[in-house]
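Peer 1: Quick one, structure for this:
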Amino acid sequence: MSTFDPAALECLAAIVEEGGFERAARRLHITQSAVSQRLRALEAQVGSVLVVRSRPLRPTTAGQLLLKHTRQLRLLRADLERDLQELAPSTRGGAREEERIAIAINADSIATWALDALGDLARDRLPLEIIADDQDFTQEWLRSGQVLGCVTTLRTALRGCRMLPLGAMHYVAVAAPSFVRRHLPQGLTAHSFRDVPFLSFNRKDDMQTEFIMRTFGLRRAAVTRMFVPSSEGQVHAAAAGWGVGVVPELLARPLLEDGRLVDLAPGSSVAVQLYWHSWNLESEVLDALAEALCSAAARTLAQPAEA
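Peer 2: Sure thing, here's the model as predicted:
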């Protein structure tokens, strides 16, 4: 099997991750011409085109395989760095930007518990890159080899991966008291939900319709949506009277307690089960990520008996 130049592999990764040759050159601190030369040399060695020069730029199937290999090499280097730091803890040089360890986490977890979970690893200078996506889609980043782990709703482990249960995040329907008085004087019902806008993260986000269907026993539902692509932003917009938010109870709790938000369906919530998936490799970094996330989830999220 051919031995690939690590610099050329990181060049391919930079092109894809940065979305272009110019930004890849800036990241690698080389010229754009050098980026093109490294990619051509790698393509000549593989005997296949690795990047489709489209908008947006994307890797070919062969390019995706090499990208996965590159990220595995990063993981090995990160493991080595941790071992060396244990031997000589006073020599703690910063990791290079291209050595980053990418994981995909749903935005609501980022806004509530996941950053605290990863705090010690970040302070130990593990070069994390956190990619935010909907919890039903984060596994696609892992499936394609773009990240080495993800927090997702997928219950079964992907091929070549391992899975650990984290717990459940509960979602509640909330709105500002003034909004409720003006638009929902009879409360949120199986009929009144059609008359108010719901705050949604993006077009992938179907939590609002799921909440309505479960709460009122409907087989289908359609809601009017306003898009606010931020978990904290949705809570803020709901408190400002924009509409109804179906948000994590963890995030809404302080505003519910001080009266800035009203629970529109007391006793009703949607429990979303979350799982940690990662490559099935022997790795201290992967073990540390799993331990950090699972420990924090056990303290913060609803566990099976509670859920």
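
Peer 1: switch to C-alpha atoms for all contacts and neighbour counts from now on
Peer 2: Will do.

Peer 1: The residue lying closest to Ala102 once chain neighbours are set aside sits in which helix or strand?
Peer 2: Spatial nearest neighbour of Ala102, excluding adjacent residues (CA to CA, 6 or more residues apart in numbering): Glu129 at 4.5 Å. Take DSSP states H and E as the rule and Glu129 turns out to sit in strand 128-133.

Peer 1: Partner strands of that strand, with direction?
Peer 2: Using DSSP bridges, the strands paired with strand 128-133 are strand 101-106 (parallel).

Peer 1: CA atoms only for the strand it pairs with, dumped as CSV, please.
Peer 2: What follows is strand 101-106, C-alpha atoms only, in CSV (Å, rounded to 0.1, in the frame of the first residue of the first chain):
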residue,chain,number,x,y,z
ILE,A,101,-10.4,17.0,16.6
ALA,A,102,-13.8,17.4,15.1
ILE,A,103,-17.1,16.2,16.7
ALA,A,104,-20.7,17.0,15.8
ILE,A,105,-23.1,18.0,18.6
ASN,A,106,-26.7,19.2,18.4
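
Peer 1: hang on, the earlier thing: so which bits of the strand holding Glu129 are buried?
Peer 2: Of all the residues in strand 128-133, those buried under the rule 16 or more other CA atoms under 10 Å are 130-133.

Peer 1: I'd like those as a markdown table, with pLDDT and distance to Met169 appended.
Peer 2: Below are the buried residues of strand 128-133 laid out as a markdown table (pLDDT from 0 to 100; distance: CA to CA, whole Å):
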| residue | pLDDT | distance to Met169 |
| --- | --- | --- |
| Ile130 | 96 | 19 |
| Ile131 | 94 | 19 |
| Ala132 | 94 | 16 |
| Asp133 | 92 | 16 |
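
Peer 1: Farthest pair within those residues?
Peer 2: Greatest spatial distance among the buried residues of strand 128-133 (CA to CA): Ile130 and Asp133, at 9.8 Å.

Peer 1: related to what we said a few turns ago, could you measure from the residue nearest to Ala102 over to Leu121?
Peer 2: As judged by CA to CA, to the nearest Å, Glu129 and Leu121 stand 12 Å apart.

Peer 1: what's the answer for Met207, then?
Peer 2: Separation of Met207 from Leu121 (CA to CA): 31 Å.

Peer 1: Which one of the two is surrounded by more residues?
Peer 2: Using other CA atoms under 10 Å as the criterion, Met207 and Leu121 rank with Met207 on top: 19 against 16.

Peer 1: What ranges does the stretch 51-200 of the chain have for its helices?
Peer 2: 61-87, 107-109, 115-123, 138-143, 177-183 (DSSP state H, counting those that start in this stretch).
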